[in-house]
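Undergrad: 3D, please:
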Amino acid sequence: MNNSRAKVQSKKRKQNILLNGSIAVVFLLIAGVSAFIFLGDNENQAAETSEEKTIAEQVQENSGVEDENEDSSDQGENNELSASEIESEEKENTDEKNETQSSEEVEEKKKEDEQKEEQQKQDEEKEEQQKRDEEKEDAENDRETASPQDGEWKPVGTKQTGEHVSSYEEGSVDWNEKLKAAAYATGLDTSTMTVWWVGNDGGPQKSVVEVSSSAGGQAEYRVHMEWVDKKGWKPVKVDEL
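TA: Below you'll find the model as predicted:
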């Protein structure tokens with residue numbers, strides 16, 4: 001009886017030990033599997049994290065390179081744009097300078113032309129005035145020479161030689177010298193003077209000539225003259241008609 005109980009108890013202890021061992025093995029297996037799973041997940045997560053980190057770094061590096069390239073490109077474009085703007089501005093300044101220079105040259109040339117024209121006009125006026133003054137002076141001299149008191153004229157000279165014979169033939173030497181004396185006494189020009197009459201004035205060596213400054217309606221002057229031997233005809237009186 002006691003032996004049977006002892007066997008039964010011994011059998012129960014064995015069963016308990018076996019059961020506890022089985023439970024321990026199960027726990028160990030569970031712990032191992034859990035550890036394996038946990039470690040595997042950690043390694044995968046670490047690998048994924050590392051891979052993600054590597055990808056992120058690469059993306060960031062690529063982004064940095066692209067940004068740098070973009071910055072370089074933008075800087076290059078800005079430099080090109082700046083250079084283009086500078087060149088355009090320099091060209092505009094040069095064009096404005098050339099245009100200003102050209103305008104100044106045109107204005108200066110215009111002023112020079114105006115000054116030349118003004119100087120030429122003044123010279124012409126001065127020359128005309130001088131000419132008028134000379135003509136006036138010559139006329140006054142001629143009038144002074146042609147209009148002295150009676151008997152103060154001088155003989156006009158002659159080409160005739162020998163004994164003088166008064167001639168009233170138009171175109172003869174004596175005729176021409178009478179006209180010369182008349183022009184001398186009146187201040188007229190023999191080339192434009194109109195001769196109205198040439199005749200005797202009361203003696204063989206005295207003559208009278210009626211003349212005018214143009215071919216008007218009548219004579220303007222009557223010149224009385226006398227012959228001076230070897231010196232020609234000498235005006236002695238001028239009548240204004």
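Undergrad: which residues in this protein form helices?
TA: With DSSP state H, the ranges of helices along the chain come out as 2-146, 173-186.
Undergrad: Lowest average confidence across the ones you listed, which one?
TA: Here the lowest mean pLDDT among those goes to helix 2-146, at a mean of 68.
Undergrad: surely Gln160 meets Ser172?
TA: No - the pair Gln160 and Ser172 fails to qualify as a contact (C-beta atoms under 8 Å) at a distance of 10.0 Å. C-beta: built from backbone N, CA, C; applies to glycine.
Undergrad: which of those two has more neighbours?
TA: The neighbour comparison of Gln160 against Ser172 (other C-beta atoms under 10 Å) goes to Gln160, with 15 against 11.
Undergrad: Enumerate every residue touching the nearest residue to that one once chain neighbours are set aside.
TA: Nearest residue to Gln160, sequence neighbours excluded (C-beta to C-beta, 6 or more residues apart in numbering): Val173, at 6.0 Å. Each residue near Val173 by C-beta atoms under 8 Å, 6 or more residues apart in numbering is listed here: 159-160, 167.
Undergrad: Can you give me every residue that contacts Arg132?
TA: Contacts of Arg132 (C-beta under 8 Å, 6+ apart): none.
Undergrad: neighbours around Thr194, how many?
TA: Neighbours of Thr194 using other C-beta under 10 Å come to 15.
Undergrad: Could you measure from it over to Asn93?
TA: Applying C-beta to C-beta, to the nearest Å, one obtains 78 Å for the distance of Thr194 from Asn93.
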